[in-house]
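> What follows is a protein structure lacking sequence information:
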Ligand code: NAI
């Protein structure tokens with residue numbers, strides 16, 4: 001019999017056993033080898049001592065309930081470890097199942113986050129009481145790592161809420177619910193305000209249900225909403241909501257498809273067989289490359305970024321107390337909200353009091369929505385709003401220890417606003433600009449303290465987008481970088497740090513993606529195929545619609561400025577095939593994008609996109625010219641990957657983790673790749689395979705696909721990119 005080292009058995013005089021999850025020496029409980037042995041030992045003991053047991057409560061001695069699978073173990077699994085992966089998962093499930101079917105009431109007292117494996121333990125309980133702790137999250141986010149919940153998560157959610165709800169609410173998006181929303185969506189049965197209340201409620205359930213069992217173990221149980229009669233139902237989606245179809249349509253990585261198949265197949269067989277099906281689909285995912293990519297980017301890279309690898313060492317962390325946001329337009333309003341949400345006092349300044357008030361009204365709108373969804377309270381709303389002071393008066397900026405400028409994209413104006421305020425704010429205030437294109441070094445010339453001047457590039461919509469790109473100018477000091485880094489963390493966003501360059505990292509690289517899509521129009525590719533290729537590659541936005549949103553005159557402006565800068569430096573400027581398409585669209589057809597009412601798409605009076613402009617085919621089609629669909633997808637991915645390598649070569653990027661995280665969180669590089677550099681690492685045939693394919697694309701579509709020398713050399717040395 002194995003020994004329980006990670007689960008403490010505490011039995012009270014009434015016969016209630018509390019299983020305290022407490023992996024010694026670890027900050028969180030995970031489904032590691034020790035847990036596998038411990039839960040088996042607990043199941044053995046429970047069966048042996050069954051007569052003295054009145055009920056069982058799972059709870060944890062850690063801050064979180066249980067963290068889920070051990071990603072460090074998982075990332076090491078290769079196809080040859082398939083059997084091991086299958087067996088390990090199966091053993092844990094078997095033990096949980098033995099406890100679940102002991103014939104005694106089993107309750108999960110969820111004292112903190114229960115994600116993945118943690119929630120699966122809760123699902124193997126007959127009753128779930130969650131402590132309503134701030135920041136606590138409940139759900140099965142495996143899909144976001146390219147996996148599926150194989151600790152019984154698919155099998156039990158399908159039986160708990162029916163296939164459609166299980167897929168839509170829990171499995172396919174991996175939503176992480178706060179306790180209240182977990183209750184509203186049926187993931188838990190009740191909430192408790194304190195740990196004592198939580199345990200009291202757990203005991204009360206045991207008292208009231210001495211013979212409890214899972215609904216699915218009651219004879220005659222039927223899955224809510226029924227099960228599809230056709231086992232090949234994955235191909236038969238019409239019976240399912242449109243939103244589900246949309247999520248699966250051309251999903252570029254296998255997890256959602258495996259989850260769907262697993263849910264459907266598992267719903268038609270008995271519980272034990274369903275668990276085996278789940279293990280099979282999981283094994284396929286965990287030993288594959290995509291899950292490794294996603295785990296790497298989302299977990300390890302994020303750890304590297306958040307641990308401050310790009311933050312200069314030895315500088316004492318500082319918190320911002322009061323921030324000046326200059327410009328209350330779209331970005332300024334969002335930045336003000338994000339800062340106020342993190343507890344920072346905000347002075348929101350615009351040219352008129354009305355414009356500033358309008359910026360604050362944006363926070364009101366977001367808060368009203370949050371209130372209606374139960375994500376804040378009246379008091380929380382009022383507190384946050386009280387932190388934002390709209391103004392047109394520079395004097396109100398007194399005492400601000402940081403400034404974030406978000407006025408129009410104009411160097412002279414940006415110089416002017418910094419001059420207006422620099423003597424009013426705190427004498428050592430951090431000076432940040434949210435410019436999306438203007439070089440930071442040039443902007444810093446307009447301030448008295450260029451060492452304290454830095455780029456803080458937010459993404460739109462600010463309240464939703466998790467990334468902030470920090471840009472060092474030539475004269476930016478280490479102290480400013482550290483403070484900017486701390487500020488980004490303070491507002492709960494993820495920082496990457498890059499060196500000053502035209503378009504920095506994100507704008508520059510996403511520009512390659514857009515240019516590539518636009519160039520395809522010029523080659524006469526069917527526009528719908530271009531959009532489809534972007535979607536199937538896994539991009540969240542279709543390329544031509546994205547160009548329309550950003551406005552076609554923007555790349556023209558950037559191009560003209562870049563050309564001037566290149567010529568001034570004596571470098572040769574190369575035209576991109578997208579340039580002529582954009583020029584024709586704007587000059588010849590008068591279609592500058594959505595804001596102008598017409599672009600690659602047509603728009604109705606309310607600004608809603610109606611259809612792709614039929615003129616594209618008429619003016620650009622080249623009958624008989626075929627571009628393979630695979631090339632369309634890879635051209636988008638390669639154009640961004642190759643430019644990222646150039647960013648590393650030029651020192652714009654200094655870390656692979658920043659590239660991977662920045663590409664996924666900032667510019668929508670497909671998440672299944674694990675990030676833009678991981679895409680190169682994981683390409684079929686490794687770096688050599690990537691180089692060969694890039695050369696092939698260069699031969700057919702142009703020099704821009706020629707792999708940089710550094711990449712070729714790395715490939716020849718048999719290396720991959722690592723930090
Ligand atoms: P916007 O046009 O919505 O807002 C600009 C605001 O600045 C207006 O409310 C205007 O009244 C105000 N303003 C002008 N002169 C001012 C002055 N002297 N003092 C105070 N306020 C003044 O522009 P948006 O989109 O918010 O962009 C602002 C900045 O953020 C630009 O530099 C832009 O390049 C950058 N950015 C924009 C992104 C986007 O997606 N729109 C993304 C990232 C950065």
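Sure thing, it's come through. Computed from a prediction, not measured in an experiment: that's the story for all the values here. Residues are numbered from 1 along each chain as shown.

> How about the residues of the protein by the ligand?
Contacts of the chain with the ligand, taken as C-beta under 6 Å from any ligand atom, map to 326-332, 349-351, 355, 406-409, 413, 417, 434-436, 457-458, 460. Heads up, the C-betas are built off the backbone N, CA and C, glycines and all.

> What about the residues you listed, which are in strands?
Under the assignment DSSP state E, these contribute 326, 349, 457 to strands.

> Near the residue of the chain found nearest the ligand, how many other residues are there?
When scored by C-beta to the nearest ligand atom, the chain has residue 329 as its residue closest to the ligand, at 1.7 Å. Neighbourhood size, residue 329 [other C-beta atoms under 10 Å]: 15.

> Quick one: neighbours of the nearest residue to it once chain neighbours are set aside, just the number.
Spatial nearest neighbour of residue 329, excluding adjacent residues (C-beta to C-beta, 6 or more residues apart in numbering): residue 406 at 6.6 Å. Applying other C-beta under 10 Å, we find 30 residues neighbouring residue 406.

> Now for residue 406: which residues touch it?
The contact partners of residue 406, taken as C-beta atoms under 8 Å, 6 or more residues apart in numbering, are 325-327, 329, 331-332, 335, 434, 458.

> Model confidence at it, what's the number?
We have a pLDDT of 98 for residue 406.

> before we move on, what about the one 10 residues further on?
pLDDT, the model's per-residue confidence, is 97 for residue 416.

> Give me the nearest residue to it, chain neighbours excluded.
In space, residue 416 is closest to residue 446, 7.8 Å off (C-beta to C-beta, 6+ apart).

> Please enumerate the strands of the stretch 151-300 of the chain.
190-192 (DSSP state E, counting those that start in this stretch).

> Please verify my assumption that residue 525 contacts residue 627.
Yes. Shown here, residue 525 and residue 627 form a contact pair, counting by C-beta atoms under 8 Å, at 5.3 Å.

> Just want to know which of these two has more residues nearby.
residue 525 (23 against 19).

> Confirm that one sits in a helix?
No. Counting by DSSP: H, G, I helix; E, B strand; the rest coil, residue 525 is not part of a helix but coil.

> so who does it touch?
If you count contacts by C-beta under 8 Å, 6+ apart, then residue 525 has 627, 632 around it.

> One more pass at 6 Å, please.
Counting by C-beta atoms under 6 Å, 6 or more residues apart in numbering, residue 525 makes contact with residue 627.

> Read off the pLDDT value for residue 244.
In this prediction, residue 244 carries a pLDDT score of 56.

> Quick one: neighbours of residue 650, just the number.
By the criterion of other C-beta under 10 Å, residue 650 has 11 neighbours.

> likewise the one 5 residues further on?
Using other C-beta under 10 Å as the criterion, residue 655 is surrounded by 20 other residues.

> Residue 311 too?
22.

> quick one: it and residue 483 touch, right?
No. Contact criterion C-beta atoms under 6 Å: residue 311 and residue 483 do not qualify, at 9.7 Å.

> Quick one: neighbours of residue 716, just the number.
Using other C-beta under 10 Å, residue 716 has 11 other residues around it.

> Assign the closest residue to it other than its chain neighbours to helix, strand or coil.
Excluding its sequence neighbours, the residue lying closest to residue 716 (C-beta to C-beta, 6+ apart) is residue 688, at 7.8 Å. Secondary structure, three-state DSSP: residue 688 is helix.

> Next one: residue 688 from residue 711, what distance?
According to C-beta to C-beta, to the nearest Å, residue 688 stands 10 Å off from residue 711.

> can you confirm residue 602 is in a strand?
Yes. Using three-state DSSP, the assignment for residue 602 is a strand.

> Now, of the residues of the chain next to the ligand, which are buried?
Burial by neighbour count, judged by 16 or more other C-beta atoms under 10 Å, picks out 326-328, 331-332, 349-350, 355, 406-407, 417, 434-436, 457-458 from the residues of the chain next to the ligand.

> tell me which of those residues is nearest to residue 601?
If you rank these by distance to residue 601 using C-beta to C-beta, residue 436 comes first, at 22.9 Å.

> so what's the closest one up against?
Contact analysis of residue 436 by C-beta under 6 Å, 6+ apart lists residue 507.

> any weak-confidence spans in the protein?
Low-confidence segments of the chain, defined by pLDDT under 70, span residues 1-2, 229-252.

> list the contacts for residue 221?
Here residue 221 is in contact with residue 215 (C-beta under 6 Å, 6+ apart).

> How about residue 404?
So residue 404 contacts 325, 335, 432, 456 (C-beta under 6 Å, 6+ apart).

> hey, what's it bridged with?
Following DSSP bridges, residue 404 is listed with bridge partners residue 325, residue 432.

> element containing the residue nearest the centre of the chain?
Closest residue to the average C-alpha location of the chain: residue 665 at 5.9 Å, with C-alpha atoms, centre = their mean. Taking DSSP states H and E as the definition, one finds residue 665 inside helix 656-667.

> and that helix, which residues are buried?
Buried residues in helix 656-667 (16+ other C-beta under 10 Å): 656-667.

> With stretch 686-695 instead?
686-687, 690-691, 693-694.

> Whichever strand or helix holds residue 346 packs against which elements?
Secondary structure from DSSP H and E places residue 346 in strand 345-349. Counting contacts by 3 or more C-beta pairs under 6 Å, 6 or more residues apart in numbering; DSSP states H and E, strand 345-349 packs against strand 322-326, helix 330-341, helix 353-372, strand 388-391.

> could you dump those to a markdown table with distance to residue 276?
Formatted as a markdown table, those follow (distance: least, C-beta to C-beta, whole Å):
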| stretch | distance to residue 276 |
| --- | --- |
| strand 322-326 | 55 |
| helix 330-341 | 45 |
| helix 353-372 | 42 |
| strand 388-391 | 55 |
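
> So residue 153 is in contact with residue 140, correct?
Yes. Using C-beta under 6 Å as the test, residue 153 is close enough to residue 140 to be in contact (4.9 Å).

> Between those two, tell me which one has more neighbours.
residue 140 (34 against 28).

> Confirm for me that that one is in contact with residue 170.
Yes. At 5.4 Å, residue 140 and residue 170 qualify as touching, with contact defined as C-beta under 6 Å.

> quick revisit: looking at the contacts of residue 406, which two lie furthest apart in space?
Maximum pairwise distance in these, criterion C-beta to C-beta, is 13.4 Å, between 326 and 458.
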